[in-house]
Every structure is written in structure tokens, then in C-alpha cells.
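> sequence below, structure please.
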Amino acid sequence: MGEVNSPIRFLKSKGVINFSVQHVVAEFLDCRETLETFADRGKGDPDKQRIIDQCRLKLDEISEALTPSQWWKGRKVFIAWRLIHRMGEDFVLLMNCEELAAQGCKILHDLRTSPMPDVVRLDWISKVDERQKKLEEALKQPAPCIDRGTAHLYKTVTNIINDGVDDRFWDIWSHRFLIFFYAILLALGALWLLARFAVPGGFSLSVPGVLLLGAMGGVASGIMTMDQEYVAKGHFWLPLLSFPAVRITQGALAAIIVFWMLQCHYLIRIDPPLERFNKGFICMTSPVWRDPAFQRNMPVAKSSHVRFSGYSSAKKDPILDLKAPPGKQIYLYLLVLFFAGFTGDKILKFMSDKVTSRLFSEAEKTKEAKK
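All right, here's what the predicted structure looks like:
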């Protein structure tokens, strides 16, 4: 259990402890003092002595978890909190009648303020309230006796409450860690984007650039909207890697689909569009576009509004028509592609529905025209 009795001396002997861990250290020291009180009282009871010995072992494990013998092992705060809660539940079996009644009042208060479902919470409140009334009646007797069934019931309810606290602690920590992981990925993407802007020629809306913008939008959505992401206990690295991978993939795919639609003015259009031989068209991989002779003979547009052969002015107008000042449309491209990645799953579903409905509509019109 350790030879240091004073809390201040304990903290000094263990070196620097960060502010958040100091709370659990204080709980550990409080449990140690409470256990000594129960140990003095239960020397003649073998059942209580067995529980006390188990609690002493838990104290050693908590001390090792909070202040490991080797620095490279690191503190295990989750283990410490869990064992402290298990000790608090064991203490219920060591209480006398007066302490058990006071514990019952605390349990009722914790149940009424607990976030657990109402059906479960109200059921336990009724059970504890019934036992609490019997315990208070027993206190009026000259020599009150402890009902072991009541002590075990209170221990079980305390365990349920503590598990809810531990689960919430885990959810908050895992969500914060995921946000931290998303922030690192977003910072790396932003640095790569700034590096691309710094090179001669600037940033290009080639396929890698479009995918990068969509991936950054997907990662940014993880920071803003992560309510549905849950890291189950016992599974850490798989969710940690799968959630960002899904958001990055969805964002990149949504951005490239929106970019293709922008280029062919299908459902969405930016006016005026980028010039035909602007760097934004590097994604064209057809061999004819790589032929320098073909590019030299290709007519150059005098205005951004000129329509090339093959584009029909009678084409159906897009659903969304965005206007940009001439020469500034690249910023609108960047903004649209980033937000396409940000709302990747919604964009993919919306585009899928719209494309499917429009294709079926065009097919019906073609079929009727042939008739």
C-alpha cells in the first residue's frame, strides 16, 4: 500500500503530477484513509477482513497505475478510476447501519440525477426507496441490525451508477481524442495546400488537388459533426483509423463528383467557367488532349462565355447556378469543393438521387420522341 502516509508527502515522493490526474490521486488517498477506518473496525470479522484484504490489493494496483515504477509505462488513469469505483462499492459491505442509511440517501440522489433511461432509473429508485424506508425503521430500534440483502442491493446500484460515470468519461475522452486526431490531419492537409500555393504556378485543380480539398472537407466535418461516432470499450485503434478513413474517402469522392459536374455544367455550374486550357482541366486524360499538335489547332476562347462545339445551348439549366467575378472563380471552385467534402455523405446521396431521376426523365423523353 505504500509507506507514505501524508497526502502531501505522497505527492512529493511521486514527482510532478498534471492537474487532471491530481483529482484521481485525491480520490485514491481518500479511499486509503477510509479503508484504514474500516480495517480497524472489522478486525474480528473474517468476511469483512477478506474484503479489506482485497481492497488493499486494489490500492496497490491504483498506486502503480497512477505512479508507475518505470516512467515509460505511463499513467493508466482509466484503470485507476475503475478500481477506485470498485473499492467504493466494496465499502458498502463494510458499513454499519447508520452509514448504510446515509449511503442509501446518496444513492437515491444519484439515481434521480442519473442520465440512464427513465425505465431503468425509476425501477431502481422504487427498489432503493423501499429498502431505505425499512432501514430507517430499523435505526429506531435500540440495537439496529444490518440487512445484508440491503447492503448488497446498494452495492449493485452503486456499481450501475459508477459504470454510467465511467462510460461517460470514456465517451468524452474518446471524442476529444478523435477531434485531436482530425485536427492533426486537417493541419497536415492545410500545410500541404499552402506548400502547393507557394510553388511556381500555384495550386492546380488537378485530380490530386480536388481529392485533397474534398479530404480536408471530410476531416473538417469530423471536428464539427461527430455525434454518431462511438468508440466501444475494448476497441480503440480500429475506430480511430476507420472513422477518419471513411470521412476522408467520402469527402474526396464527393469533391471529385462535384468537380466533374461543374466541368460539364450538369446540375451545378459556376459562371464564368474556368478557361478551357486552365490548370483546372489537367484532369482530362484523353490522349487527344495530350497531343500538342491538337492543342495548337484548337481554337482559343476569346471570352469565358464562349461555348465550344459539342455544347448545346439548349441543354437543361443546372439546378444551382453560382456567379463569380471574372478572374476570381477559382476561389468559388475551392469553396464549393471543400464544402462538398464537408457534407460528403449528404452530397453523394443528393447527387445520386438527382442524377438518377434526371437520367430516367431524359430516357422517358427519348423513348416518347422515338414513338
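
> isn't G104 up against V128?
Yes. Taking C-beta atoms under 8 Å as the definition, G104 is a contact partner of V128 at 6.3 Å. Every C-beta, even on glycine, is put in place using the N, C-alpha and C of the backbone.

> now do the shared contacts for the two.
Y154 (C-beta atoms under 8 Å, 6 or more residues apart in numbering).

> point to the residue nearest the middle of the chain.
Central residue of the chain (C-alpha atoms, centre = their mean): H175, 3.4 Å from the mean position.

> OK, contacts around that one?
By C-beta under 8 Å, 6+ apart, the contact set of H175 is 226, 229, 231.

> mind redoing it with 10 Å?
226-227, 229-231 (C-beta atoms under 10 Å, 6 or more residues apart in numbering).

> where in the stretch 251-371 of the chain is pLDDT low?
274-319, 370-371 (pLDDT under 70).

> need the strands for it, in chain order.
All strands of the stretch 251-371 of the chain, identified by DSSP state E, counting those that start in this stretch, fall at 268-271, 320-323.

> JSON lines for these, including distance to K155 and mean neighbour count?
Below are these laid out as JSON lines (distance: least, C-beta to C-beta, whole Å; neighbours: other C-beta atoms under 10 Å):
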{"stretch": "strand 268-271", "distance to K155": "62", "mean neighbour count": "18"}
{"stretch": "strand 320-323", "distance to K155": "61", "mean neighbour count": "12"}
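
> of the ones you listed, which approaches V119 most closely?
Nearest to V119 among these is strand 320-323 (46.7 Å), distances taken as C-beta to C-beta.

> kindly export that closest one (C-alpha atoms) in PDB.
Provided in PDB are the C-alpha atoms of strand 320-323 (Å, rounded to 0.1, in the frame of the first residue of the first chain):
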ATOM      1  CA  LEU A 320     -27.600  25.500 -58.900                       C
ATOM      2  CA  ASP A 321     -26.000  28.400 -60.800                       C
ATOM      3  CA  LEU A 322     -23.200  30.200 -59.000                       C
ATOM      4  CA  LYS A 323     -21.900  33.600 -60.100                       C
END
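
> for the remainder of this discussion, apply numbering that starts at 51.
Sure, I'll start numbering at 51, so the last one becomes strand 370-373.

> partners of that strand, with directions?
strand 318-321 (parallel) (DSSP bridges).

> contacting residues for D103?
Shown in contact with D103 (C-beta under 10 Å, 6+ apart): A89.

> where does it sit: helix, strand or coil?
Following DSSP: H, G, I helix; E, B strand; the rest coil, the label given to D103 is helix.

> wait, K98 sits on L144?
Yes. Counting by C-beta atoms under 10 Å, K98 does reach L144; the two are 5.6 Å apart.

> which one of the two is surrounded by more residues?
L144 (22 against 16; other C-beta atoms under 10 Å).

> is the more buried one in contact with A201, as I believe?
Yes. Using C-beta under 10 Å, L144 is in contact with A201, at 8.9 Å.

> if we can go back for a sec, what do K98 and L144 both touch?
Counting by C-beta under 10 Å, 6+ apart, the contacts common to K98 and L144 are 88-89, 91-92.

> got those residues as CSV, with secondary structure and distance to L409 columns?
Shown next, in CSV, are those (DSSP: H, G, I helix; E, B strand; the rest coil; distance: C-beta to C-beta, whole Å):
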residue, secondary structure, distance to L409
F88, helix, 75
A89, helix, 78
R91, helix, 80
G92, coil, 79
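
> got the contact list for K417?
Per C-beta under 10 Å, 6+ apart, neighbours of K417: none.

> please report the distance of it from G94.
With the distance defined as C-beta to C-beta, to the nearest Å, K417 ends up 95 Å from G94.

> can you check M137 too?
Using C-beta to C-beta, M137 is found at 22 Å from G94.

> again with E114
Noted for E114: a distance of 31 Å to G94, by C-beta to C-beta.

> give me the more crowded residue out of the two.
The neighbour count for E114 versus G94, taken as other C-beta under 10 Å, is higher for E114 (15 against 7).
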